[in-house]
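> turn this into a model:
(one chain, ligands or ions: 3)
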Amino acid sequence: MSQRLRVAVEAPQHSGLSAPLDYLSEQPIAPGSLVRVPLGRRELAGIVWPGAAEEGAAALDEAQLRPVLAVLDALPPLSKRWCELVEFAASYYQRSIGEVALSVLPPQLRELSPEQLQARLKKLDKKPKKPQAEASPEPAPRPEPPTLSPDQALVLARLDELLLTPGDTAPPPVLLYGVTGSGKTEVYLRAAEHALSQGRQVLVLVPEINLTPQLEARLAERFAGTPMVSLHSALTPAQRLGNWLQAHLGRARLVLGTRLAVFASLPELGLIAVDEEHDPSYKQQDGARYSARDLAVYRARLEKVPVILGSATPSLESWQHANTGRYLRLALPGRIGGGALPRVRLFDMNTLPRRKGVSTALSPPLLAALRQRLEAGEQSLVFLNRRGYAPVLHCAECGWKSECPHCSAYRVFHKADRTLRCHHCGFSQRVPHECPDCGNQDIAPLGRGTEQLEEQLAAALPGARVARIDADTTRLKGTLESQLQAVHEGEVDILVGTQMVTKGHDFRRITLVAAINPDSALFSGDFRAPERLFALLMQAAGRAGRDAEQAARSEMWVQTWHPEHALYRALLQHDFEAFARSQLAERESAGLPPYSHLALLRAEARTAEAAQAFLSAAARWAQALPEARDLMIYPPVPMSVARVANMERLQMLVESPTRGALQRLLWLWMPELHALKREHRGLQRWAVDVDPLAI
Ligand code: ADP
Ligand code: ZN
Ligand code: ZN
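Ligands and ions are numbered 1, 2, ... in the order given. Prediction:
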């Protein structure tokens with residue numbers, strides 16, 4: 001007798017198939033098992049989903065159901081909790097279960113036949129204790145871990161209590177709040193050690209793996225002998241499969257990964273740590289637009305294990321949860337060794353004599369300060385959030401500017417390879433010798449990027465070794481690592497870069513950090529821009545004076561036209577709490593998150609009218625629902641860069657006082673949106689972003 005099974009398969013979202021599909025099997029197959037099934041004319045990987053197949057009137061006739069083709073039974077089934085996590089993510093972010101379930105598995109796993117899988121597992125057995133991709137060459141003698149500071153000891157004692165909470169209650173999520181250098185990482189390491197010694201697996205999430213090589217090294221050193229794997233998108237497909245299998249089979253005890261690792265299969269999970277929990281990289285920006293930080297919290301609750309969210313500048317969402325007691329706030333109030341935070345100096349750009357065509361990004365006092373560090377043999381870090389030489393090329397005769405023909409944006413002038421490149425669609429051309437419109441030979445860069453800053457620094461400080469790190473200099477694999485190495489080894493005097501250089505690195509020799517022109521975020525249309533800027537500046541400040549003995553001399557310079565701005569006043573005192581208070585007050589009075597819940601409906605089409613028509617129709621439909629009564633559906637507006645690669649992009653904001661009301665509306669809305677898409681032929685794409693980070 002054959003049985004009905006539910007199988008999650010990766011059906012494209014537009015098919016509207018959001019639930020698992022029914023199949024037949026001769027034998028029972030355990031839920032969570034990987035199978036191969038037919039769909040249309042294709043054969044696909046699927047996962048047998050927990051829960052009974054459709055019964056009764058709605059069920060398809062058995063004759064219409066197709067059989068499961070093969071079972072990959074060499075692999076233990078995915079756990080029920082893993083399936084629950086996927087099911088929650090799919091429902092919360094409005095995607096199909098199959099899409100989420102299959103897209104978070106290693107791509108190679110979806111291609112394997114049962115025989116190939118068996119061969120792969122055999123290969124894994126041959127080199128048991130040596131997970132791939134971990135470059136830990138000679139196991140150096142294990143250094144003694146440091147004695148915990150009294151603050152660390154207190155935090156750890158609380159964490160230990162949570163680790164030992166009886167299995168039937170979920171411990172509260174912990175917000176570990178402490179400035180850079182306050183010893184948060186040491187706390188993760190100790191908590192991990194305790195969870196490992198209880199025979200549990202540990203998951204450590206980081207925003208971007210190549211920006212945190214030191215954390216990886218520290219874990220490898222502390223847990224030498226403990227099988228550890230990493231999971232992130234820079235692995236080869238074979239490495240990713242191998243590492244995933246190690247975790248799934250329970251052989252890897254420690255998993256370090258980026259946002260996709262929140263879905264790693266960890267049958268004995270005992271602890272999750274999310275480092276730099278405020279970082280926007282935790283939000284996936286396409287497909288299922290999930291927040292790995294939020295899913296980590298959900299997963300910890302499902303598994304009833306502790307989760308530690310660490311940051312010097314927590315997201316206002318997490319901060320607010322700690323204020324209301326939903327999260328347990330544990331603080332590390334000072335830097336280890338008592339080191340001071342660098343002194344913040346706001347340089348008022350208004351005090352510079354106004355000359356026409358100011359040509360340097362660097363104020364004379366900042367240059368003097370840099371010169372002083374140089375003479376003392378200390379390093380400086382200068383950052384500017386714009387790569388390339390200049391954001392625009394401009395003809396003073398006729399007003400021509402280097403617009404991208406495909407986007408509503410300027411192409412950036414890159415001097416090194418003499419190109420005009422669009423940072424949105426990638427369109428690139430050689431710099432013209434003369435103005436394409438009027439033939440004027442004198443076309444000039446407007447504004448500046450990191451390339452020009454590097455040039456200006458080298459010219460102003462002869463003899464200084466200036467190095468630049470940004471997306472342009474690190475395109476080739478391995479270049480970022482070698483450039484960082486050079487900074488660590490003292491071969492660089494001044495490091496120039498984009499915000500890439502402000503994250504994570506434990507630079508020991510830097511005593512001066514300078515933000516060249518961070519003001520634009522103060523007046524952005526995105527209500528989260530100040531929060532991001534504050535976090536960025538605090539983090540950048542944290543790069544200076546990591547060495548306690550240098551801390552007293554360390555400085556963070558901010559060149560600004562608005563030195564009186566409240567954000568900078570809070571920065572002067574390194575006062576995240578004051579900043580958070582004022583931001584939360586503003587958010588509350590404006591009804592913004594965390595006091596409301598948002599979703600964005602985005603649409604792309606060849607013409608703005610087509611995108612607009614779709615969104616307006618969607619809005620009309622939703623507004624007629626009783627479920628929309630307490631919600632605000634704003635009119636569609638163009639995105640900040642409205643046209644990219646010849647697609648007009650519009651978005652419509654939905655605001656709700658509660659998560660539940662928003663979810664109910666989205667659930668009703670989705671089938672209608674699929675139907676509307678079929679009616680609106682001109683529409684290219686649409687997507688829903690729940691809890692969007694960039695507005
Ligand atoms: P954070 O993650 O908050 O930036 P870390 O855990 O990296 O802080 O600690 C900062 C520095 O202090 C690191 O070099 C770390 O090795 C060291 N450190 C951390 N805890 C202690 C301790 N209890 N005693 C001595 N050094 C410590
Ligand atoms: Zn011209
Ligand atoms: Zn473009």
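> any idea how far residue 633 is from residue 610?
19 Å (CB to CB, to the nearest Å). For glycine as for every other residue, the C-beta is placed from the backbone atoms N, C-alpha and C.
> apologies, that question was intended for residue 404.
21 Å.
> quick one: which of the two has more around it?
Per other CB atoms under 10 Å, whichever of residue 404 and residue 610 has more neighbours is residue 404, with 25 against 19.
> for that one, report the pLDDT, please.
Model confidence at residue 404, given as pLDDT, is 96.
> give the full set of residues in contact with it.
Going by CB atoms under 8 Å, 6 or more residues apart in numbering, residue 404 touches 410-411, 422, 424-425, 427.
> do residue 457 as well
Going by CB under 8 Å, 6+ apart, residue 457 touches 362, 370, 382, 464, 466, 494, 496.
> part of a helix, is it?
Yes: assigned with DSSP: H, G, I helix; E, B strand; the rest coil, residue 457 falls within a helix.
> what's the spacing between it and residue 677?
In terms of CB to CB, residue 457 sits 51 Å off from residue 677.
> again with residue 41
24 Å.
> which one's more surrounded, the two?
For residue 41 versus residue 677, neighbours defined as other CB under 10 Å are more numerous around residue 677 (18 against 5).
> residue 617 is in contact with that one, correct?
No: the pair residue 677 / residue 617 is not scored as a contact, 10.3 Å apart, by CB atoms under 8 Å.
> could you look up the SS state of the residue lying closest to residue 642 once chain neighbours are set aside?
Once flanking residues are discounted, residue 642 sits nearest to residue 408: 4.7 Å by CB to CB, 6 or more residues apart in numbering. Taken by three-state DSSP, the conformation at residue 408 corresponds to coil.
> show me what contacts residue 408?
641-644.
> in strands only, show me the residues you listed.
Using DSSP state E, the subset of the contacts of residue 408 located in strands is 641-644.
> lowest average confidence, helix or strand, in the protein?
Every helix and strand in the chain was compared by mean pLDDT, DSSP states H and E; the lowest is helix 548-551, with a mean of 70.
> got the buried residues for that one?
Under the neighbour-count criterion of 16 or more other CB atoms under 10 Å, helix 548-551 has 550-551 buried.
> mind exporting the helix or strand containing residue 587 as CSV, just the C-alpha atoms?
Assigned by DSSP states H and E, residue 587 falls within helix 576-590. Extracted C-alpha coordinates of helix 576-590, given in CSV (Å, rounded to 0.1, in the frame of the first residue of the first chain):
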residue,chain,number,x,y,z
PHE,A,576,25.5,55.1,23.0
GLU,A,577,22.8,55.2,25.7
ALA,A,578,22.1,58.9,25.2
PHE,A,579,22.0,58.4,21.5
ALA,A,580,19.7,55.5,21.8
ARG,A,581,17.4,57.4,24.1
SER,A,582,17.0,60.3,21.8
GLN,A,583,16.6,58.1,18.7
LEU,A,584,14.0,56.0,20.4
ALA,A,585,12.1,59.1,21.5
GLU,A,586,12.1,60.3,17.9
ARG,A,587,11.0,56.9,16.6
GLU,A,588,8.2,56.7,19.1
SER,A,589,6.8,60.1,18.2
ALA,A,590,7.0,59.3,14.5
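> is it positioned near ligand 1?
No: Helix 576-590 does not reach ligand 1 (CB under 6 Å from any ligand atom); its nearest approach is 13.4 Å.
> list the helices and strands that helix packs on?
Using 3 or more CB pairs under 8 Å, 6 or more residues apart in numbering; DSSP states H and E as the contact test, the elements touching helix 576-590 are helix 316-323, helix 529-541, helix 566-572.
> could you check the angle helix 529-541 makes with it?
Counting by axes from the mean of the first three to the mean of the last three CA atoms, to 10 degrees, helix 576-590 lies at 170 degrees to helix 529-541.
> in CSV: the contacts of residue 408, plus pLDDT.
Formatted as CSV, those follow (pLDDT from 0 to 100):
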residue, pLDDT
641, 92
642, 93
643, 95
644, 95
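> out of those, which is most surrounded?
Most neighbours among the contacts of residue 408, by other CB under 10 Å: residue 643, with 20 neighbours.
> could you report the separation of it from ligand 1?
From residue 643 across to ligand 1, the span is 41 Å (CB to the nearest ligand atom, to the nearest Å).
> just to revisit the earlier point, downstream neighbour of the least confident helix or strand of the chain in the secondary structure list?
strand 555-560.
> pretty sure residue 244 sits in a strand.
No: under the criterion used here (three-state DSSP), residue 244 is helix, not part of a strand.
> which pLDDT value goes with it?
pLDDT at residue 244 comes out at 97.
> next, count neighbours for it.
Residue 244 sits with 26 neighbouring residues when counted by other CB under 10 Å.
> contacting residues for it?
With CB under 8 Å, 6+ apart, residue 244 has these contacts: 105-106, 109, 231, 264-265.
> before we move on, what about residue 100?
86, 89-90, 93, 288, 290.
> would you tell me which residues of this structure are close to ligand 3?
Residues of the chain lying near ligand 3 by CB under 5 Å from the ion: 404, 406-407, 422, 424-425, 427.
> highest neighbour count among the residues you listed?
Highest count within the residues of the chain next to ligand 3 by other CB under 10 Å belongs to residue 404, 25 neighbours.
> the longest helix along the chain: which residues count as buried?
Ordering each helix of the chain by length in residues (DSSP state H) puts helix 659-679 first. Using 16+ other CB under 10 Å as the test for burial, helix 659-679 gives 661-666, 669-670, 673, 676-677.
> from the contact counts, what lies against that helix?
Against helix 659-679 (3+ CB pairs under 8 Å, 6+ apart) you get strand 597-605, helix 608-623, strand 647-656, strand 683-690.
> could you redo the last one with a cut-off of 10 Å?
Helix 659-679 sits against helix 80-92, strand 597-605, helix 608-623, strand 647-656, strand 683-690, with contacts defined as 3 or more CB pairs under 10 Å, 6 or more residues apart in numbering; DSSP states H and E.
> sorry, back to before: give me whichever of the helices and strands packed on helix 576-590 is most buried.
helix 529-541 (a mean of 22; mean count of other CB atoms under 10 Å).
> is that one positioned near ligand 1?
No: figure legend: helix 529-541 not in contact with ligand 1 (CB under 6 Å from any ligand atom); closest approach 10.0 Å.
> alpha carbons of that helix, as CSV, please.
Extracted in CSV, the C-alpha atoms of helix 529-541 (Å, rounded to 0.1, in the frame of the first residue of the first chain):
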residue,chain,number,x,y,z
ALA,A,529,20.7,56.3,8.6
PRO,A,530,21.7,58.0,11.9
GLU,A,531,21.7,54.7,13.7
ARG,A,532,24.0,53.2,11.1
LEU,A,533,26.3,56.3,11.1
PHE,A,534,26.5,56.3,14.9
ALA,A,535,27.4,52.6,14.9
LEU,A,536,29.9,53.1,12.1
LEU,A,537,31.7,56.0,13.9
MET,A,538,31.7,54.1,17.2
GLN,A,539,33.1,51.1,15.5
ALA,A,540,35.7,53.2,13.7
ALA,A,541,36.7,54.9,16.9
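> where do the helices sit along the stretch 1-150 of the chain?
80-92, 97-103, 114-126, 150-163 (DSSP state H, counting those that start in this stretch).
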